[in-house]
Each structure stands twice: as structure tokens, then as C-alpha cells.
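A.B. asks: Next input, structure requested:
(chains A, B, C and D)
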There are 2 protein chains.
Amino acid sequence: MRHRILRAATQLFAEKGFSGTSVQAIADAVGIQKPSLLYHFPSKGALRDAAVDAVLDRWGDVVPKVLRAATNGENRFEATLGEVMQFFAADRDRARLLMREILDRPDPMRTRMQETFSPWIGLVTSTIRRGQQEGVIWPDLDPDAWVTNIVALVVTTFATNAVSGALFEADSLERRQREVLRIAHASLFIGG
Amino acid sequence: MRHRILRAATQLFAEKGFSGTSVQAIADAVGIQKPSLLYHFPSKGALRDAAVDAVLDRWGDVVPKVLRAATNGENRFEATLGEVMQFFAADRDRARLLMREILDRPDPMRTRMQETFSPWIGLVTSTIRRGQQEGVIWPDLDPDAWVTNIVALVVTTFATNAVSGALFEADSLERRQREVLRIAHASLFIGG
DNA sequence: CCTACCGATCGGTAGG
DNA sequence: CCTACCGATCGGTAGG
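C.D. replies: Predicted coordinates:
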């Protein structure tokens, strides 16, 4: 039951935002009464925290795969960014929930995301710096800012294309995803 | 008075979101009573529409400058993207308001933004296509998706850095802005 | 531009 | 997991 409540809450928070979602609406979606819901989660805020935790915890599950992709083999770049995109493609609520939380509570979310992403970002940026020393990556690239920007681009792409289709005419999620990959690649490696 | 109300509403909508902002809170910020506010704007929704209109109208004011930058002279690329970034840098509420509206009401906002940005996007993409024919821009670049992604990146950068400072460690708005410019440049022109 | 007020809904509790 | 209920606040209106 806890899980069903959390899933309904996550969906509604992603779609309508935290303050646009009432505890009653979540209870209705699950099919129980409001006080029953508040037995499983002591408050609406606790439900929000649990929803964010769930997303960031599942990122923790994927990190090993991403790290393996980032350190191994040939196409380490495509593999790493591919894992990141897959994480958000697998559940459209993730990007929208994170984006809303960053807007609603920037400071606590920055802390939470730093804790979650720091080890992964540290590895990626040090790999980038090695590539710069080897002369295959643009020397004027700012590794931290680059990673932040590319992740921000991925999150925004999925957050704004989560529901219907295109932000602009002739614009689809597929095309934007492909172009994100191309932009990341061309802005990383010398000579594209 | 209308203008003072609209400014307070825009600030609060940007900071707390539409459903996170009460009419009472806006009235308090202005220093008048709630019914007085509702004399100037018939409903909370009308206030929202007016706030979005104001942002998009001011974009309309900047478009001529952007178009001049996009069609003229040497550094047309730097000038065009510079104008876009300046638009969002000039008022931090703009990016947050637009991002929140896209999340809250994707379909109406897509329509509104298409109407506002289409002419400008059409000109930029046709300039890009010309550059592709001339062989100075990556041939596999998707012009529509590229413009959407770069604008999305700019909006996200300002929306998520509007209040305090950095999303991740050692990350500042300045560094992210500089890196956005570099990413856009390197992902556009062959050879960086 | 104000006071006074409306019904509806908010998050949450008591008590079983 | 439910019924019954709490005070506070919601957007908005009446009437001046």
C-alpha cells in the first residue's frame, strides 16, 4: 500500500507540482480515504521527501552501470550519456519531479543532488581532464560546467517533453534526444 | 497600481509557482487588500496570463535586436545567442516563470511559445541551413532540434541559478553561461 | 480602494 | 483502514 501511495503521489507531484496536488487527490487516485493515507505517511511533506528519495535512490542503482560505461572500453562517451538518458527515459516523472523540486526548493535540492551526483560527476570530470591532457578534448572546456549543462539539458528535454509531444513545430522527443547526443559529442571532442 | 500588482505576482509565481502563491500573498506584497487586487485583475488565472504575456511581449521587443544580430556582420552567432542570454539575465523571473508554466500547462504554453518564437526560430534555422550548404556547420546537425536545445539550455541555466548560486560544487552562473556559449559554438561550427 | 462575508477545500487529528 | 471533525486558508463576491 505504501508503494501504491508513493507512486500516485510521485505522478501527481510530477504533473501538477507539490502545492498543486492535495492529499485528497492522492488518496482518491489510490482509492482510500485521506486519514488512511496519513497513517502511512505522517504528512504531505514526508510524502514529497519520499518521492524525491525514491528517484535519487534509483539513480544510485544505475550508477554502477554508468561508472562501468564511463571507465570501460571504446565508446565510453556514448555509453555513459546513454545510461543517463535511459534513466530519465525509463520514467518520465523523474525529470519533471526533479525540475519542480529544484524550482520549489533550490537550496535543499542542491544539497541532496550534490550528495547523490558528486561521486559520479567527479569521475566523469577527471576522465574529461585526462582527455584534455591527451589532446582529444577541447582544452577550453570547463569540465564541471560542461557536465552540469549536459545533465541539465537531458533533464529539461525529458521534463518538457514528458506529456504530449513537441515544444516547437517539427520537434519531437526523438529528434531532441539525438541532437542532445550530437551536441554533447561535438562540444566535447576536438574535431567533433 | 496594475503594474505593481503584476510585478509582485510575477515574482511570487516565479519563486513559489502559481498554486504555491495565494492572491492574499500577492495583495500583502503590494500592500493592499485582496478585493482591491481583484478589481484590477478579475481572477488569479487572469493574473497568471498577464504575467506570461508580459514576458513574451518583452521578448517581442528584443526580437528586432536579435534579428539584426542574426543577419548582420561578422560574429552573428555570438551576437544572437548573446541577446537571448541577456534577455533572461536581465530579469531572473523570466526563465523561472516560463519553465514553471511549461511544466504546469504544457499544451497551452507550447502554443503560446510557438507563436512567439516561430518567426525568430525560422530565421535562425534557415541561416543554419545556409551555413550547412556552405560547409561551415555540421551537416548532421538538426537545425530545429539544435535551436530548441540551446534555448532550453539557456532557460534552464537561468531558471535553476536564479536564486542562490551553484547547482553543483564549484559551479557558478558565470561559468555555466560561458560554457553554454562554448557548447553552442562547438556543436554548431565544424572544427569548433 | 475598503469591510464583511461566502462556500469549498486545505492539511491534519481524534478516536476507534 | 474508516467516520467524523478541526481551524485555517483558499479564490472570489456583495456592497459601498
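A.B. asks: So which residues on chain A come close to DNA strand C?
C.D. replies: Residues of chain A lying near DNA strand C by CB under 7 Å from any atom of the strand: A:T21, A:S22, A:V23, A:Q24, A:A25, A:K34, A:P35, A:L38, A:P42, A:S43, A:K44, A:G45. Backbone N, C-alpha and C define where each C-beta goes, glycine included.
A.B. asks: make it 10 Å
C.D. replies: Within chain A, the positions adjacent to DNA strand C are A:18-28, A:33-39, A:41-48 by CB under 10 Å from any atom of the strand.
A.B. asks: could you pick out which of these are near DNA strand D?
C.D. replies: Answer for those near DNA strand D (CB under 10 Å from any atom of the strand): A:S19, A:Q24, A:A27, A:Q33, A:K34, A:P35, A:S36, A:L37, A:L38, A:Y39.
A.B. asks: residue ranges with poor pLDDT in chain A?
C.D. replies: Along chain A, the model assigns pLDDT under 70 to residues A:70, A:72-74, A:162-171.
A.B. asks: all strands in it, in order from the N-terminus.
C.D. replies: Here chain A has no strands by DSSP state E.
A.B. asks: Quick check: residues of it near DNA strand D?
C.D. replies: A:1-2, A:4-5, A:19, A:24, A:27, A:30-40.
A.B. asks: Just the buried subset of those, please.
C.D. replies: Buried members of these, counted by 16 or more other CB atoms under 10 Å in any protein chain shown: A:I5, A:S19, A:A27, A:V30, A:I32, A:L37, A:L38, A:H40.
A.B. asks: Quick check: of these, which lies closest to DNA strand D?
C.D. replies: For these, the residue nearest DNA strand D by CB to the nearest atom of the strand is A:I32; the value is 3.7 Å.
A.B. asks: Okay, the closest one and chain B: tell me how far apart.
C.D. replies: 23 Å (CB to the nearest CB, to the nearest Å).
A.B. asks: show me the contacts for A:L141.
C.D. replies: The neighbours of A:L141, taking CB atoms under 8 Å, 6 or more residues apart in numbering or on different chains as the test, are A:I128, A:Q132, A:S187, A:L188, B:E179, B:R182.
A.B. asks: Let's see that with 10 Å instead.
C.D. replies: A:I128, A:R129, A:G131, A:Q132, A:S187, A:L188, A:F189, A:I190, B:E179, B:R182, B:I183, B:A186 (CB atoms under 10 Å, 6 or more residues apart in numbering or on different chains).
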